[in-house]
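[1] I'll drop the sequence and a predicted model, then ask my questions.
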Amino acid sequence: MKFGITNLSWKQEEHFFISNKLINYDYFETVFSRRNSGVYYSTQSIFYDSGINSFTDNNILDYLNYVIDECFKCGIKIIVFGSPSLRKNDKTILLNIFDSIDNKLKDNKIYLCVEPNSSYYGGEYYFSLDEIVTDIKKYSNIKTMIDTHNLILEKEIPINQYKKYSEYIKHIHISEKDLKPIEDWNMCSEFVDFLRKENYGYGITYELKHNENQNLIFESKKFLSLK
């Protein structure tokens with residue numbers, strides 16, 4: 001199990017200063033548009049600042065092929081596929097996109113992990129792993145993941161969901177609603193202990209949004225204490 005933190009947690013201009021203080025992490029999870037030097041294992045927010053505002057955009061396949069190529073260059077193994085604001089109307093369009101990129105993902109040994117995003121964030125589908133797994137079973141390198149707070153908002157228990165869908169889960173986010181600092185570290189500790197017993201071998205990222213009033217190093221130490 002690898003422990004990482006997202007660079008959403010600090011300002012882009014502070015990357016080198018902050019990252020040098022977080023040397024006990026196994027990797028950073030990078031916002032795709034913020035690829036700086038670092039040990040990258042996963043990326044998120046792939047449509048941020050891309051100009052892609054809909055899955056019907058004529059350029060979306062070219063863009064996703066570009067994302068895969070860039071991830072391969074950076075050594076990124078996991079692409080988090082969130083973007084709840086784009087999850088509108090007929091999801092068949094998205095499944096056609098998955099059909100087109102699965103082989104390229106496989107050739108580059110990269111997993112695209114469809115993230116369950118709660119209805120709280122405004123999407124129209126893929127709130128739960130039940131729905132996601134039903135649609136991705138046929139793919140080789142399109143999988144899913146656990147995001148703790150999104151599942152909890154949908155009245156699901158992360159441990160139970162992992163037990164049910166472990167073969168499809170290739171990434172995990174430990175997070176709080178609106179990406180605020182974790183409140184229930186006991187729940188997180190229990191979940192990580194469970195994953196360790198299950199020999200989970202992929203990444204687990206503390207997903208935390210930057211806030212001037214929070215002590216990132218203090219929060220980071222809490223998460224790393226779970227290693």
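    Perfect, I can see it now.
[2] just say helix, strand or coil for the spatially most central residue of the chain.
    Closest to where the C-alpha atoms of the chain average out (CA atoms, centre = their mean) is residue 80, at 3.8 Å. When classified by DSSP: H, G, I helix; E, B strand; the rest coil, residue 80 comes out as strand.
[3] if I look at it, how far off is residue 155?
    22 Å (CB to CB, to the nearest Å). (Each C-beta comes from the backbone N, C-alpha and C, glycine too.)
[4] what do you get for residue 220?
    From residue 220 to residue 155 the distance is 30 Å (CB to CB).
[5] quick one: which of those two has more around it?
    Set residue 220 next to residue 155 and count neighbours by other CB atoms under 10 Å: residue 220 wins out with 19 against 8.
[6] for the residue of the chain positioned farthest from its centre, pull up the helix or strand it's in.
    Distance from the C-alpha centroid of the chain, by CA atoms, centre = their mean, peaks at residue 58 (25.0 Å). For residue 58, there is no host helix or strand (DSSP states H and E).
[7] and it, what does it touch?
    Residue 58 makes contact with no residue, according to CB atoms under 8 Å, 6 or more residues apart in numbering.
[8] how many neighbours does the closest residue to residue 195 other than its chain neighbours have?
    Distances taken as CB to CB, 6 or more residues apart in numbering put residue 1 closest to residue 195, at 6.2 Å, once the chain neighbours are dropped. By other CB under 10 Å, 16 other residues sit near residue 1.
[9] same deal with residue 106?
    14.
[10] and it, that's in a helix?
    Yes. Per three-state DSSP, residue 106 lies within a helix segment.
[11] does it touch residue 141 like I think?
    Yes. Residue 106 lies in contact with residue 141 (CB atoms under 8 Å); the separation is 4.5 Å.
[12] residue contacts, the residue nearest to residue 195?
    Residue 1 neighbours (CB under 8 Å, 6+ apart): 192, 195-196, 200-204.
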